[in-house]
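**Q** here are the coordinates; sequence isn't available:
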């Protein structure tokens, strides 16, 4: 999901077009596909196949994600999963492993 968010993409340790180049759609892409009009669906299917310019493909995909609200929905899903994980972690015994997982669940995405 991070490559499709320009702010988060800058903070990542891998190229933002990596998932597009490797044809790995993440959560926002199927959400957008389900919501998109036929032309936007075609763009989602064909953009990753444009291997000559992965940055252009990424821009096309980002545009569809923005139009459909898919990125916001995916972020809300991730936030909800993290909140739920934090709640469930309180039920586990206090161990070093649980503390590590709890720290991961507290990570948040960059503010917009």
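**A** That came through, no problem. The shown structure was predicted, so the numbers you read here are calculated from the model rather than taken from an experiment. Numbering: from 1, shown residues only.
**Q** Surely residue 27 is in contact with residue 75?
**A** No. Residue 27 lies out of contact with residue 75 (Cβ atoms under 8 Å); the separation is 9.4 Å. For every residue, glycine as well, the C-beta is placed using N, CA and C.
**Q** Could you list the low-pLDDT ranges of this structure?
**A** 1-3, 6-14, 50-51, 108-112 (pLDDT under 70).
**Q** which residue ranges form the helices in it?
**A** Using DSSP state H, the helices of the chain run over residues 6-11, 18-21, 28-35, 38-46, 54-68, 70-89, 96-106.
**Q** Reformat the ones you listed as TSV; add mean neighbour count.
**A** Shown next, in TSV, are the helices of the chain (neighbours: other Cβ atoms under 10 Å):
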stretch	mean neighbour count
helix 6-11	13
helix 18-21	20
helix 28-35	19
helix 38-46	14
helix 54-68	19
helix 70-89	15
helix 96-106	12
